[in-house]
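Engineer: Pasting a predicted model and its sequence here:
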Amino acid sequence: MRTALITGAARGIGAATAKALAEKGTRVAVVGLEPERLAALTDELGPGHLWHPVDVTDPESLRTAVEATVAAFGRLDVVIANAGIINYGTVRTTEPADFARTIDVNVNGVFNTVRAALPSIIASRGHVLTIASLASFLPPPGMAAYAASKAAVDAMTCSLRNEVAHLGVTAGSAHFSWINTDMVRDADAELPSFARFRSRLPWPANSTTGVADCARAVVRGIERRSRRVYVPGSVAVAYWARSLITSHIGDRVTRRVMGGFIDDYEAEAARLGRAIGDHAHKAQHS
């Protein structure tokens, strides 16, 4: 029976993916920073699954979680490095500590997860899936820290894929547009200017997808050992057009769409008086 470990699994994409995998007969280890949510999710999944407390910025806690998973399941076939946080803010206004925290969770956390799981994944000739983003190759203004972290995840996964191919291991990255999660809903509520900006973005960057649809795409990507998973599928268009999108022409289109967005955005963030996305620091969810 196939087994999987998912970080940041207490809510959002992680929880939905755990449910979708369990429905397919996969034994799932859900890990993260919210024990009550993780325990409730494990109960919902039914017998044969487990949860473990993990902070992805702590390599030792990940090593312990992987060891517990292998001890319980006898093997580990899939690891999904899903845990992540977001920081909404411009380069001019983002505090260095908030930028560093985003990189620590989203980049170092993915590295720590994959590094801890690799010996078991190699033993099973399994699959690694990292959660990147449309922002990996289409970085929006006002999300520099997040975009930088997700571009790093994509690059890391590309390197990893060729490092482990001869060992029978496959690796892929998932690239989502806006997903209907707490992180997106809270940003829309707290930053009206960002919600308006999102609505003006060209297709497919203006689309929002439900977590259930996202989870199904992730499971399909795992089953196919896909190099990349795009949600919605139209995100693939942005990937292949990324050179044009980030060109001088693309910049002109972006600035036309933005209008007075940056001034409004920075003013709203200043009124809040804190980093946008702080609520997600505890949850580590995508």
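Structural biologist: Perfect, I can see it now. Just so we're clear, the structure is a prediction, and the values are computed from it rather than from any experiment.

Engineer: How many neighbouring residues does the spatially closest residue to Pro59 that is not a sequence neighbour have?
Structural biologist: Distances taken as CB to CB, 6 or more residues apart in numbering put Asn112 closest to Pro59, at 4.7 Å, once the chain neighbours are dropped. Yep, even glycine has a C-beta here, placed from its N, CA and C like the rest. Counted by other CB atoms under 10 Å, the residues lying close to Asn112 total 25.

Engineer: my guess is Asn112 is in a helix, correct?
Structural biologist: Yes: counting by DSSP: H, G, I helix; E, B strand; the rest coil, Asn112 is located in a helix.

Engineer: Roughly how far does it sit from Gly12?
Structural biologist: Asn112 sits 20 Å away from Gly12, going by CB to CB, to the nearest Å.

Engineer: same check, this time on Val153
Structural biologist: From Val153 over to Gly12 the distance is 17 Å, taken as CB to CB.

Engineer: quick one: the helices in this structure?
Structural biologist: With DSSP state H, the ranges of helices along the chain come out as 12-23, 35-45, 59-73, 96-103, 109-124, 144-164, 182-190, 192-200, 211-224, 235-240, 242-245, 248-258, 261-272, 279-283.

Engineer: pLDDT averaged over the second one, what's the number?
Structural biologist: If I follow you right, that is helix 35-45. In this model, helix 35-45 carries a mean pLDDT of 97.

Engineer: try the fifth one
Structural biologist: Averaged across helix 109-124, the pLDDT comes to 98.

Engineer: What ranges in the chain fall below the confidence cut-off?
Structural biologist: 202-205, 275-286 (pLDDT under 70).

Engineer: ok, 80 please
Structural biologist: 1, 181-188, 198-207, 245, 250, 259, 272-286 (pLDDT under 80).

Engineer: does Thr254 really touch Pro141, like I thought?
Structural biologist: Yes: counting by CB atoms under 8 Å, Thr254 touches Pro141, with 7.0 Å between them.

Engineer: Now do the residue nearest to Pro59 against Phe194, distance only.
Structural biologist: 30 Å.

Engineer: Val91 too?
Structural biologist: 16 Å.

Engineer: And those two? Which one has more around it.
Structural biologist: Neighbour count, other CB under 10 Å: between Val91 and Phe194, Phe194 has more, with 23 against 11.

Engineer: Am I right that the more buried one is in contact with Asp188?
Structural biologist: Yes: between Phe194 and Asp188 there is a contact under CB under 8 Å: 7.0 Å.

Engineer: okay, the helices of the chain, which one's buried deepest?
Structural biologist: Each of the helices of the chain was scored by mean neighbour count; the highest is helix 12-23, a mean of 24, by mean count of other CB atoms under 10 Å.

Engineer: got the contact list for that helix?
Structural biologist: Residues from elsewhere that reach helix 12-23 (CB atoms under 8 Å, 6 or more residues apart in numbering): 4, 6-9, 28, 30, 32, 37, 41, 44-46, 49, 78, 80, 82-83, 131, 176, 179, 181-183, 211-212, 214-216, 218-219, 222, 285-286.

Engineer: any idea of the angle that helix forms with helix 35-45?
Structural biologist: Angle of helix 12-23 versus helix 35-45, following axes from the mean of the first three to the mean of the last three CA atoms, to 10 degrees, is 30 degrees.

Engineer: CA atoms only: put helix 12-23 into CSV for me.
Structural biologist: What follows is helix 12-23, C-alpha atoms only, in CSV (Å, rounded to 0.1, in the frame of the first residue of the first chain):
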residue,chain,number,x,y,z
GLY,A,12,-6.1,24.2,3.1
ILE,A,13,-4.4,22.4,0.3
GLY,A,14,-2.5,20.0,2.6
ALA,A,15,-5.7,18.8,4.4
ALA,A,16,-7.6,18.5,1.1
THR,A,17,-4.7,16.5,-0.4
ALA,A,18,-4.6,14.2,2.6
LYS,A,19,-8.3,13.4,2.2
ALA,A,20,-8.0,12.9,-1.6
LEU,A,21,-5.0,10.5,-1.1
ALA,A,22,-6.8,8.6,1.7
GLU,A,23,-9.8,8.1,-0.5
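
Engineer: can you give me how far that helix is from the chain middle?
Structural biologist: Per CA atoms, centre = their mean, to the nearest Å, the displacement of helix 12-23 from the mean C-alpha position of its chain is 14 Å.
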